[in-house]
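Engineer: attaching a predicted model along with its sequence, questions to come.
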There are 2 protein chains.
Amino acid sequence: MLPTIECRDDAIVMIDQRKLPAAEVYVTCKTAPEVAKAIKTMVIRGAPAIGVAAAMGIALGMRRSKATGTRQFTTEFQKTCDLMAATRPTAVNLFWAIDRMKRAFADAAQGGGSVAEIAQRLEAEARRIHDEDVESCRSLGAHGAALVPESARILTHCNAGALATAGYGTALGVIRAAAAQGKRVAVLADETRPFLQGARLTAWELVRDGIDTTVITDNMAGAMMRLGSVDLVVVGADRIAANGDVANKVGTYSVAVLAKAHGIPFYVAAPISTVDLDTADGDRIPIEERSDREVTHVGASRLTPEGARVRNPAFDVTPAQYVTAIITERGIARPPYAESLAQLVGSRQPAVGSLS
Amino acid sequence: MLPTIECRDDAIVMIDQRKLPAAEVYVTCKTAPEVAKAIKTMVIRGAPAIGVAAAMGIALGMRRSKATGTRQFTTEFQKTCDLMAATRPTAVNLFWAIDRMKRAFADAAQGGGSVAEIAQRLEAEARRIHDEDVESCRSLGAHGAALVPESARILTHCNAGALATAGYGTALGVIRAAAAQGKRVAVLADETRPFLQGARLTAWELVRDGIDTTVITDNMAGAMMRLGSVDLVVVGADRIAANGDVANKVGTYSVAVLAKAHGIPFYVAAPISTVDLDTADGDRIPIEERSDREVTHVGASRLTPEGARVRNPAFDVTPAQYVTAIITERGIARPPYAESLAQLVGSRQPAVGSLS
């Protein structure tokens, strides 16, 4: 298993995803603000992984609290939750994980728990979120593998792999599960500018697993489809609205339109925690605009001239009409998504967080 | 006027397009093989510019010939033409220019010209090809500007600018002409991985001209269209088949499919020398596959891990059905292109080269 994020003693250790594949460097966060900064600066990224990191960060922060009474402890907890919530706006797993931590806090506090007992309960909840995420990925991988033919050339965008989750991955979980079943899979990985998650992270993960991987620039996806070199597309998601619209890494929408134009199935793989029934459709999903520098530079190389503006929306929205199916740990949702997603979300109520 | 390529004394001087926008460096070629190498390594690129460079390279090579008789001179000429023809396979302007030089040679030789006289004739022909290219760009710019609304947000891919031609540009010629007419134009420039012609060259040219320019990563084009931020697309071409299929920088096809899905006009701007009536359709156009390193690295930064393969087709083919109109110096071709292109090509026979 790839070491995306781990609790060790009094710290949280993450592999620095900005440095891969050139270097395997680990970042140790000893405080909640350090975890928040790691999320914001993309030491760790990927919607499920962000949720896990936020939960662990909250647990860490509260374990280190010096509050003596529950009143002060509650105030600190709220501040720590707010800190995490302010890191990145699009991935709903972040808010889902914070909400789970809030409910765990409320449960423990209502039971009359001490500060130490509440802190323990938060730590247990964070570990549970982590472990459930790995289980979810394995389960959705198994569901998704059924959609993969015996021999398949699969295009993916960005990194929805072990590094984007607590382990195993969503889109890459589907690919791993298909490969584990003995299916012959070959992956075309969009490099995914500007952060290059495909070239750097997806390729790194898949090569480690011995899966045939070819990196292409984002603008080659259409040409590859036209040449008949793509059998299916599978991507992850940062937020799925109630109607099935999908926010995911910028470029996903282009791939979806191209897939439809070529009659190629376009699958989205994500845990139920990515489904946000409180967001009616994709146009209501906040889209993060990140710093210009991600576009203007690669490493030390400046690409654009002074005087040219740049845009850097980190995500885009793919309307539900382009999505062939949504693969979750509870099964596969098909259109109409308003019904199928509501059904999957409701199927095991206790495990589902609301955003209230 | 941008100094794309110039004859100076006994040399050809080109701006090194690999170094822009970080540095304005000029490369001086003193022999035909040096010119061929400059074309192959993309010191100079862009279909019309490649044609001009090849013609100038042939003229330079023959001026420097030490052949005493026409027989030896003819052999050297053929070798020099072959050298140029082997540089890059897709842009038909290269073969068109070589063919013009061959006809000039044959004319001069048939007239009983001496080696010196033939060499002079070749030099004159190369200058004519250069000058005609600038005129063609200005003329097609004027035709194309009529298609641009009073206020237009224009998306372009790669660099079809002054740097891709002897001057003024094709797609950027249309934009320049529209701006010169007082139209309010704002340009979205796809960065155009892997060689980054959009981020580096198009942005550099347009900023110099004071035209509002925003660079986006290639995968943002679809999202920008969906948000209503693109009024029209205009791109250049490396070869246009008799049926109107267009080979152009890889990624053009994706942009064309996206434009169609959003009801956005998709225009191709190219001189008549880019139209190849001897190629029936786009699938017969040879597509150059360039070195892996263009994809695996940006500057000194390695993006992909060892063990991952890459693809690097430099061009793709956009079927005619996606092309709203083809803008040439002789007017605008509309579907069905088999008729409209044949008509434009035939309209001034003497200026048109065949590939026989």
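Structural biologist: Nice, thanks for sending it over.
Engineer: okay, and for the stretch 201-350 of chain A, where does confidence drop off?
Structural biologist: Regions of the stretch 201-350 of chain A meeting the criterion pLDDT under 70 cover residues A:348-350.
Engineer: all helices for it, in order.
Structural biologist: Read by DSSP state H, counting those that start in this stretch, the stretch 201-350 of chain A holds these helices, from start to end of the chain: A:203-208, A:221-226, A:252-261, A:293-296, A:337-346.
Engineer: measure how far the shortest one is from the centre of its chain, please.
Structural biologist: The offset between the C-alpha centroid of helix A:293-296 and the centroid of the whole chain comes to 22 Å, using C-alpha atoms, centre = their mean, to the nearest Å.
Engineer: buried stuff in it?
Structural biologist: Residues A:294-296 are the ones in helix A:293-296 that count as buried (16 or more other C-beta atoms under 10 Å in any protein chain shown). (C-beta placed from N, C-alpha, C; glycine too.)
Engineer: which of those are close to chain B?
Structural biologist: Of the entries in the buried residues of helix A:293-296, those that also sit close to chain B under the rule C-beta under 8 Å from any C-beta of the partner chain are A:295-296.
Engineer: give me the phi and psi for residue A:123.
Structural biologist: Backbone torsions of residue A:123, given as degrees, to the nearest 10, read phi -60, psi -40.
Engineer: from the stretch 1-150 of chain A, which residue is nearest to chain B?
Structural biologist: Ranking the residues of the stretch 1-150 of chain A by distance to chain B (C-beta to the nearest C-beta) places residue A:21 first, at 3.8 Å.
Engineer: surely that residue touches residue A:203?
Structural biologist: Yes. Under the contact definition of C-beta atoms under 8 Å, residue A:21 touches residue A:203, with a separation of 7.2 Å.
Engineer: need the overlap of contacts for those two.
Structural biologist: Taking C-beta atoms under 8 Å, 6 or more residues apart in numbering or on different chains as the contact rule, the neighbours common to residue A:21 and residue A:203 are B:304-305.
Engineer: what sits against the residue nearest the centre of chain A?
Structural biologist: Using C-alpha atoms, centre = their mean, the residue of chain A that lies closest to the mean C-alpha position is residue A:47, 2.3 Å off. Under the criterion of C-beta under 8 Å, 6+ apart, the contact list for residue A:47 reads A:91-94, A:164, A:236-239, A:270, A:274.
Engineer: which parts of the stretch 1-150 of chain A sit against chain B?
Structural biologist: Within the stretch 1-150 of chain A, the positions adjacent to chain B are A:21-22 by C-beta under 8 Å from any C-beta.
Engineer: can you list the domains in chain A?
Structural biologist: Each domain of chain A is listed here as a residue range: A:5-137, A:147-355, per automatic domain parsing.
Engineer: can you put those in JSON lines and add distance to residue B:146?
Structural biologist: Conversion of these to JSON lines gives the following (distance: least, C-beta to C-beta, whole Å):
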{"stretch": "domain A:5-137", "distance to residue B:146": "42"}
{"stretch": "domain A:147-355", "distance to residue B:146": "27"}
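Engineer: buried deepest among the ones you listed, which one?
Structural biologist: Across the domains of chain A, averaging neighbours per residue (mean count of other C-beta atoms under 10 Å in any protein chain shown) puts domain A:147-355 on top, at a mean of 22.
Engineer: mind listing what residue A:325 touches?
Structural biologist: By C-beta under 8 Å, 6+ apart, residue A:325 lies in contact with A:147, A:265, A:267-268, A:332-334.
Engineer: can you name the residues that contact the closest residue to residue A:214 other than its chain neighbours?
Structural biologist: Nearest residue to residue A:214 in three dimensions, chain neighbours excluded: residue B:309, at 4.4 Å (C-beta to C-beta, 6 or more residues apart in numbering or on different chains). Contact criterion C-beta under 8 Å, 6+ apart gives A:212-215 as the residues in contact with residue B:309.
Engineer: hmm, which two among those residues are most spread apart?
Structural biologist: Spanning the widest gap among those are A:212 and A:215, at 11.8 Å by C-beta to C-beta.
Engineer: on that earlier part again, now, among the buried residues of helix A:293-296, which is nearest to chain B?
Structural biologist: If you rank the buried residues of helix A:293-296 by distance to chain B using C-beta to the nearest C-beta, residue A:295 comes first, at 6.2 Å.
Engineer: I figured the closest one hits residue A:310, correct?
Structural biologist: Yes. Under the criterion of C-beta under 8 Å, residue A:295 is in contact with residue A:310, at a separation of 4.3 Å.
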